[in-house]
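[1] Need the 3D shape of this:
(4 chains)
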Amino acid sequence: MTISVQQDDFDLGFEVTTLTKNNIDIGAVVTFVGLVRDKTGGTLISMELEHYPGMTEQALAEIEQAATKRWSLNASRVIHRYGNLKTGEQIMMVATASPHRKDAFEAAEYLMDYLKTDAPFWKKEHFKDGADWVDSKAIDDAAKDRWTS
Amino acid sequence: MTISVQQDDFDLGFEVTTLTKNNIDIGAVVTFVGLVRDKTGGTLISMELEHYPGMTEQALAEIEQAATKRWSLNASRVIHRYGNLKTGEQIMMVATASPHRKDAFEAAEYLMDYLKTDAPFWKKEHFKDGADWVDSKAIDDAAKDRWTS
Amino acid sequence: MQLDVLYFAWVRERIGVAKEQVSTTAVSVADLVKELSAREERYAVAFQDMSVVRVAVDQILVPLDAPIGGAKEVAFFPPMTGG
Amino acid sequence: MQLDVLYFAWVRERIGVAKEQVSTTAVSVADLVKELSAREERYAVAFQDMSVVRVAVDQILVPLDAPIGGAKEVAFFPPMTGG
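    Residues are numbered from 1 along each chain as shown, chains lettered A, B, ... in the order given. Below is the predicted model:
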């Protein structure tokens, strides 16, 4: 269980290799990578990611601990970037390793759902003709709520 | 949508990079990697993977087409190995790229569930003291059935 | 009718070959299973519990009672365990 | 009582600073919001609709009516949009 909040990009292949190394009990690894998407089809210049240093690491650690309690996980990894990212760049990743695929999938979805609503990150999109803070989505709250119903 | 059935190992990072290259509409990539797991804690020597050439490619293509119809996917990738694999080696991967994380997750799970029950692969575990064909699991049929209920 | 019949995994191991040409008048897969099982013990052993045998006709999964029709290839194997 | 008050994203932009020291006698977060909003227009603008403002006391998410107690740090920000 390792968390990084960083400006630098990351290498998914390296992260998964590191996660699974020397553990013969891992049968399944699920990863999620979030990318800067240009919803406007060409006017996005960059995405600015702001976070709350200190609280971010603490919130992510709590989310990961909750996932580790709930599912059979050998290991997990969360990386979230901040700063200015260009269209197509990697924003963040989660990876979960488990003996079983169901656990790996569910834990990865859980990490993503809670990260979306509980980790203090904010996105601002810079377009050719202006800038806007990305609105939070009701669908994200609904996604999180499924784990408690 | 690309499918490979091969003896060689694969590089997850390279596959994801290739999948997402030059597509600014991708917001989410989910991957699953299956690894040779030693359930006995140390007596597994290797896992032998047999398949039905021709039918394998056809079955995987159908599963991928069904996923592409059902979810909003920019791209997907399936690689499955055959031959003799050692403990810890990568057996197979799927990757799904979508504008939205829900589609990427669900499509990856769907691909895995159908691949498990409909793609003609069989695993034989070679132990220090013998060998056994891996039994199919009722849980895998149940996992597939959730997509039609 | 001449058919290529393929066997995989433990079905292959029990029958002892991966592929063979079979001359048959079987109309359905079930007929073919009966015919082969009557020929030799090794087939009867492989096909003793058809609930754990899957069938493909021309590389498409089909139920046991499916017709063979003008198929070129019939395959028998255990439930799949890929992934 | 001396408090570090932090603002993020558009809350920060509206108030015009990322962090400030505030002297207050507020018992709850809601009291603090009222107090700041009465001080200057920019706070009143940032806090006009508290349904879209989240609060953390000492880096833990809390409801608007949470007590401040002996906290060192209170933060205001919009709903999160990471991931």
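[2] Also compute the angle for the longest helix along chain A relative to helix B:101-118, please.
    In terms of residue count, the longest helix belonging to chain A (DSSP state H) is helix A:101-118. Taking axes from the mean of the first three to the mean of the last three C-alpha atoms, to 10 degrees, one finds helix A:101-118 and helix B:101-118 inclined to each other by 180 degrees.
[3] since we're on the residue in chain C positioned nearest to chain A, how many residues are nearby?
    Going by C-beta to the nearest C-beta, chain A is nearest to C:G83 of chain C, at 7.4 Å. (Glycine included, C-beta is placed from N, CA and C.) Per other C-beta atoms under 10 Å in any protein chain shown, the neighbour tally for C:G83 reads 23.
[4] any idea of the pLDDT on it?
    Turning to C:G83, the model gives it a pLDDT of 95.
[5] try A:T117
    The per-residue pLDDT reported for A:T117 equals 94.
[6] Number of residues surrounding it?
    Count around A:T117 with other C-beta under 10 Å applied: 21.
[7] my guess is it meets D:P79, correct?
    Yes. With contact defined as C-beta atoms under 8 Å, A:T117 reaches D:P79; the gap is 7.5 Å.
[8] Mind listing the shared neighbours of those two?
    Jointly contacting A:T117 and D:P79 under the rule C-beta atoms under 8 Å, 6 or more residues apart in numbering or on different chains are A:S136.
[9] follow-up on the earlier one: what about the residue of chain C closest to chain A, helix or strand, and which?
    Using DSSP states H and E, C:G83 sits in no helix or strand.
[10] Now it: closest residue in space that isn't a chain neighbour?
    Leaving aside its chain neighbours, C:G83 sits nearest to B:K116 (4.3 Å; criterion: C-beta to C-beta, 6 or more residues apart in numbering or on different chains).
[11] So that neighbour versus C:A71, what's the distance?
    Separation of B:K116 from C:A71 (C-beta to C-beta, to the nearest Å): 26 Å.
[12] Look at the two and report which has more neighbours.
    Remark: of B:K116 and C:A71, B:K116 carries more neighbours, 23 against 18, as counted by other C-beta under 10 Å.
[13] quick one: the helices in chain C?
    Here chain C has its helices, by DSSP H, at C:9-15, C:29-39, C:41-46.
[14] just these: most buried one?
    Compared across these, helix C:9-15 shows the largest average neighbour count, a mean of 19 (mean count of other C-beta atoms under 10 Å in any protein chain shown).
[15] Contact residues of chain A facing chain D?
    Applying C-beta under 8 Å from any C-beta of the partner chain, one finds that chain A approaches chain D through A:34, A:49-52, A:54-55, A:58-59, A:80, A:91-92, A:112, A:115-124, A:133-136.
[16] try 6 Å this time
    With C-beta under 6 Å from any C-beta of the partner chain as the criterion, chain A meets chain D at residues A:34, A:50, A:52, A:54-55, A:58, A:115-116, A:119-123, A:133-134, A:136.
[17] Quick one: buried ones out of those residues?
    Buried by 16 or more other C-beta atoms under 10 Å in any protein chain shown: A:34, A:50, A:52, A:55, A:58, A:115-116, A:119-123, A:133-134, A:136, out of these.
[18] mind listing which of those residues are in strands?
    Among those, the members found in strands (DSSP state E) are A:34, A:50, A:121-123, A:133.
[19] from those, which single one is nearest chain C?
    Among these, and counting by C-beta to the nearest C-beta, the member closest to chain C is A:G34, at 25.4 Å.
[20] Now do the contacts for the residue of chain C found nearest chain D.
    Using C-beta to the nearest C-beta, the closest approach of chain C to chain D is made by C:G83 at 27.4 Å. Neighbouring residues of C:G83 by C-beta atoms under 6 Å, 6 or more residues apart in numbering or on different chains: B:34, B:115-116.
[21] So what's the residue count around A:M1?
    Close neighbours of A:M1, defined as other C-beta under 10 Å, add up to 13.
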